[in-house]
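S.K.: no sequence on this one, just coordinates:
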């Protein structure tokens, strides 16, 4: 793309040089100015396209980051209850081994895991 832009820029500069040497109002001058304006419009379109592509790439990068953050939250939503269940189970197994609940946290978790009436 840079090669095309360089060639287009060189062509625009050449057209300006040609136009500056022509007599104003002649048919050749009018055609050269029209040709120059088409080249400038083409250069502007290329710049707009490049800006649009850059913006789309930036949006895709932001979407990718957002998606990974969402995955992390989903993993946390699943992992946190599993970790709590695992910790509670470990405390229950410790209770069965020793006959008493050894921590304050264990005393609070066991009634929540097992509903006693």
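M.R.: Looks like it arrived, so ask away. Source: prediction; values computed, not measured.

S.K.: list the buried ones in stretch 7-19?
M.R.: Residues of stretch 7-19 classed as buried: 12, 15 (neighbour count, 16 or more other C-beta atoms under 10 Å). Glycine gets a C-beta too; all of them are placed from N, C-alpha and C.

S.K.: quick check, distance from that stretch to the centre of its chain.
M.R.: In terms of C-alpha atoms, centre = their mean, to the nearest Å, the centre of stretch 7-19 is found 38 Å from the chain centre.

S.K.: same question for it, mean pLDDT?
M.R.: Averaged over stretch 7-19, pLDDT sits at 86.

S.K.: Need the contact partners of that stretch.
M.R.: 29, 32-33, 35-36, 39-40, 42-43, 46 (C-beta atoms under 8 Å, 6 or more residues apart in numbering).

S.K.: Determine which two of the residues you listed are furthest apart.
M.R.: Taking C-beta to C-beta, the two most distant members of those are 29 and 46; they sit 26.1 Å apart.

S.K.: How many residues are close by residue 5?
M.R.: Counted with other C-beta atoms under 10 Å, the neighbours of residue 5 add up to 14.

S.K.: circling back: out of the contacts of stretch 7-19, list just those in helices.
M.R.: Members of the contacts of stretch 7-19 lying in helices (criterion: DSSP state H): 29, 32-33, 35-36, 39-40, 42-43, 46.

S.K.: hmm, which of those are the buried ones?
M.R.: 32, 36, 39, 43.

S.K.: picking up where we left off before, just curious, which of the ones in helices among the contacts of stretch 7-19 is nearest to residue 82?
M.R.: Residue 82 lies nearest to residue 46 out of the ones in helices among the contacts of stretch 7-19, by C-beta to C-beta, at 53.8 Å.

S.K.: What helix or strand is the residue lying closest to the closest one once chain neighbours are set aside located in?
M.R.: Nearest residue to residue 46, sequence neighbours excluded (C-beta to C-beta, 6 or more residues apart in numbering): residue 5, at 6.0 Å. Using DSSP states H and E, residue 5 falls within helix 2-21.
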